[in-house]
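Colleague: quick one: sequence plus predicted model below, questions after.
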Amino acid sequence: MSGSRREFIRSLARTAAVFSFDQVVFNQTGSPRGFGARFVNVAREAGLNSKTTFGGEKSNRYLVETTGCGVAFFDYDNDGWLDIFLVNGTRFESKGPAPTNRLYKNNRDGTFTDVTVKAGLVRSGWGQGVCVGDYDNDGNDDIFVSYWGENALYHNNGDGTFTDVSKKAGITTGGGRLPRWNTGCAFLDYDRDGLLDLFVANYIDFDMKNAPVPEGGTCLYKGLKVACGPPGLKGGKNILFRNNGDGTFRDVSREAGILNTPGTYGLGVLAADFDNDGWPDIYVANDSTSSALYRNNHDGTFREIAIEAGVAYSADGKSQAGMGVSAADYDGDGWLDIVKTNFAGDTSSLYRNLGKNFFEDRTFQSGLGRNTRFLGWGADFADFDNDGRPDILLCNGHVYPEVGDTDSEAGYRQRKVLYRNLGGGKFADVSMSAGPGIAEAVAGRGMAVGDFDNDGDLDVVVNCVNGLPQLLRCDAPAGNRWLKVKCVGTTSNRSAIGARVTCITADGARQTQEVRSGGGYLSQSDLRLHFGLGLNERADIEVRWPAGQAQVVKQVESNRVLRIVESV
C-alpha cells in the first residue's frame, strides 16, 4: 500500500459515522466506458496470515472433508469498519495445535489484527457456515457458526469479547444417533415479532462407521477414486429455531412445515422476500437434488413451492449440485432474482423473478451459460463498478483434491468468474480483464463482499481450503458515485435484517436490495447496503422496515454512508 493511500485511510478513522469523500483518488485504472474495476489480493499485506485447514490436502476419504467453510465481513465493534471472521475446519489425521476460527479486527489502515483469543472465539472442529445478527437487540451483532457436530452461538458482549451461549440458547442439536451436518444459516424474523429467528440447513446424516470409502472402488470421478456422496447417503433435515425473546430459541421445524419438503443435501441458504408481500421466504441450494423454496404463509408456517415456482431444477428439468446462492434485482423491475452455483460440467443458474411466485431460468439468455468447466461455491450479486447495476461474482474450486492442478476441467484450484451486468438482462464475462485477484487460482469456498477500506467500492474476502484466505481489494472506475445505507431497527429487529431499501436516482432508475443475514456459500456479507449511482450526485432512499412501516429520505448526497434509524 502506498504511503498516500495509507495516510488517507487513517484519516477516515477520525471522521464521524457518515463518511463523505471523492472516489476518484483511488480509481485511475478504469476506462469510462469499460468495466474498469480491478481486483488485487492484499491478504498477506493486510495480515490475514492464518491458513484454513479442511480435510486432506492430496486426497479425501470422506465427503465431510470436501465442503470447506464460510467467511464473514461484519463490524463486530461498531466502529464503522468491517472486520473479518474466518470459519476453520480440521482433519482426521491432524497433528500439532488444533486449527481454530479466526477473528481479524480492522485497523482502519488497510491492515488487520488477529484478536481471536482476546475475543473468546477459539474453537476447533469441522466448521461450516457463519451468519450474523443481533438476536437479543442489544445493539451488537452476534455470530452463529454451524458445524458437523454441535453449532455455536456467540453473544457479542459489546466490549470486544464474545460468550458462547449455545447450550443456554438451545441451538445445539445433540441427542440424535448421529451428529448433525449443519451447513448454511441465516437469521431472519419470519414471524415479524421484532426478534431474529434462525434457519439452519443440513447436508447429510453422516455416519463414519458405515460410510462408503474410495478404497471400495465404487465412488469414481473421471476414473479417480474419490470420497463418496452425497447420492446414496441419507439427506439431513433443515432446522428453524424461533426466538423466545429471553435469550433462548425453540426448534419449530416440524410445526412450521420445514420438514414437509423433499429437499435434502442443503448447503447455501438465502432468506429474502421473493413475492413482495413483506414476509421473508427461504431458498435453499440443495446438492444433487431439487432445491427448496419455503414460502412464508404469514401464520408461522411455510409451504415448499420450489418446483411450481421454477427454481428447483435446471432449465431442462434436471437436478443440479447447488452450492452457493445470492439474490438481487438485476433488471430493476422491483423483484429479487436468484443466482446459484453448481457442479463442474454444468452452468451456474440465473432465475429471473416474474412475480407471483414464478421464476424463469435465464441462464443462457443472460450469458451465464458460457462457462461449464468451473465448480462453483461462493456467489454474490454486487455492483463492483458502481454503474447502478448489480454484477455477479462466482468463487470456484474443485471438490476433489485428487483432480490436481491440471487442465482437466479447470483443475482443483480455479479462478473466479466475474460477469458484468450490461443492462437489458445481459451479462458479459469480464474475468480476464478484472485483475490478478480474479485470475489467481485457489481452492475457494466461502466468499463475502464488503467495503473493508471504506473507499466506496466493494472488496471481497475468500476462505480457501487448505490455504491462506484471499482479500481482494477492488479499485473501481473513476467518476462513478455510490451510496451506502446502514439501517438500524427499533420496532423491527435492531440489525434491520429483512428491511427492503429502494434507491431512486434522477434518471428514474430504481435499485432494490434487502438487509440480509447469511447467503452466498455459508457466508456473511456486509449488512450495510451498497448502491452504485453512476454519475448521479444524489438519490432518494425508501425503506420498508420488517415491522411494515415505510420511511423516505429525499435527495441524499452521494459518496457517503447514510445511517437510517427506524422511526417509531
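Modeller: Received, thanks. Numbers count the residues shown, from 1 in each chain.
Colleague: could you pull up the residues touching Asp277?
Modeller: For Asp277, the contact set (Cβ atoms under 8 Å, 6 or more residues apart in numbering) comprises Asn296, His298. C-beta here means a position set from N, CA and C on the backbone, and glycine is covered the same way.
Colleague: quick one: it from His298, how far?
Modeller: Counting by Cβ to Cβ, to the nearest Å, the gap from Asp277 to His298 is 8 Å.
Colleague: now swap in Ile204 and tell me
Modeller: For Ile204 relative to His298 (Cβ to Cβ), the value is 32 Å.
Colleague: which of these two has more residues huddled nearby?
Modeller: Ile204 (24 against 12; other Cβ atoms under 10 Å).
Colleague: thought Gly236 was touching the more buried one, still the case?
Modeller: Yes. Applying Cβ atoms under 8 Å, one finds Ile204 in contact with Gly236, separated by 5.4 Å.
Colleague: give the residues shared as contacts by these two.
Modeller: The contact lists of Ile204 and Gly236 share Trp181, Thr264, Tyr265, where a contact means Cβ under 8 Å, 6+ apart.
Colleague: which of the residues you listed lies closest to Lys356?
Modeller: Nearest to Lys356 out of the shared contacts of Ile204 and Gly236 is Thr264 (Cβ to Cβ; 27.5 Å).
Colleague: dump the residue contacts of the closest one.
Modeller: Ile204, Lys234, Gly235, Gly236, Lys237, Asn286, Thr289.
Colleague: helix/strand/coil for Arg44?
Modeller: helix (DSSP: H, G, I helix; E, B strand; the rest coil).
Colleague: that one: neighbour count?
Modeller: Neighbour count for Arg44, taken as other Cβ under 10 Å: 12.
Colleague: cool, the one 3 residues further on as well?
Modeller: Burial of Gly47, expressed as a neighbour count using other Cβ under 10 Å, amounts to 17.
Colleague: check Thr248 too.
Modeller: 14.
Colleague: Asn463 now?
Modeller: 37.
Colleague: that one belongs to a strand, doesn't it?
Modeller: Yes. Judged by three-state DSSP, Asn463 forms part of a strand.
Colleague: wait, it touches Pro469, no?
Modeller: Yes. The pair Asn463 / Pro469 is scored as a contact, 5.7 Å apart, by Cβ under 8 Å.
Colleague: shared neighbours of those two, which are they?
Modeller: Residues touching both Asn463 and Pro469 (Cβ under 8 Å, 6+ apart) are Thr52, Val71, Leu86.
Colleague: please, which helix or strand holds the closest residue to Gly548 other than its chain neighbours?
Modeller: Excluding its sequence neighbours, the residue lying closest to Gly548 (Cβ to Cβ, 6 or more residues apart in numbering) is Gly278, at 6.1 Å. Counting by DSSP states H and E, no helix or strand carries Gly278.
Colleague: show me the contacts for Gly278.
Modeller: With contacts taken as Cβ under 8 Å, 6+ apart, Gly278 has the following neighbours: Arg192, Arg544, Gly548.
Colleague: and if you look at Thr90?
Modeller: Thr90 neighbours (Cβ under 8 Å, 6+ apart): Thr53, Phe54, Ala98, Pro99, Ser124, Gly125, Trp126.
Colleague: for the fourth one, what are phi and psi?
Modeller: What it means is Pro99. phi -60, psi 150 (degrees, to the nearest 10).
Colleague: the spatially most central residue of the chain pairs with what?
Modeller: What sits nearest the mean C-alpha location of the chain, by Cα atoms, centre = their mean, is Gly520, with 3.1 Å. Beta-bridge partners recorded for Gly520 (DSSP bridges): Val325.
Colleague: which strand residues bridge Asp197?
Modeller: Leu188.
Colleague: what does the pLDDT read for it?
Modeller: Per-residue pLDDT puts Asp197 at 98.
Colleague: wait, it sits on Leu240?
Modeller: Yes. If you go by Cβ under 8 Å, Asp197 and Leu240 touch, sitting 6.8 Å apart.
Colleague: pLDDT below threshold where in the protein?
Modeller: Filtered on pLDDT under 70, the chain yields the residue ranges 1-33, 174-176, 262-263, 406-409.
Colleague: any chance you could map the helices in it?
Modeller: 3-12, 43-46, 116-119, 166-169, 306-309, 363-366, 436-439 (DSSP state H).
Colleague: let me have these in a markdown table, extended by distance to Leu375.
Modeller: Listed next are the helices of the chain as a markdown table, based on distance: least, Cβ to Cβ, whole Å:
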| stretch | distance to Leu375 |
| --- | --- |
| helix 3-12 | 35 |
| helix 43-46 | 22 |
| helix 116-119 | 30 |
| helix 166-169 | 32 |
| helix 306-309 | 22 |
| helix 363-366 | 16 |
| helix 436-439 | 16 |
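Colleague: of the ones you listed, which approaches Ile143 most closely?
Modeller: Nearest of those (Cβ to Cβ): helix 116-119, 9.7 Å.
Colleague: with respect to Ala539, which of the contacts of Thr90 is nearest?
Modeller: Closest approach to Ala539 among those (Cβ to Cβ): Phe54, at 41.9 Å.
Colleague: excluding its backbone neighbours, what's nearest that closest one?
Modeller: Gly89 (3.6 Å).
Colleague: can you give me the strands in the stretch 251-400 of the chain?
Modeller: For the stretch 251-400 of the chain, applying DSSP state E, counting those that start in this stretch gives strands covering 266-272, 281-289, 292-296, 302-304, 320-321, 325-328, 337-340, 349-355, 358-361, 376-382, 391-396.
Colleague: closest one to Gly110 among the ones you listed?
Modeller: Gly110 sits nearest to strand 376-382 of all the strands of the stretch 251-400 of the chain, at 20.2 Å, using Cβ to Cβ.
Colleague: that concludes my questions; thank you for your assistance.
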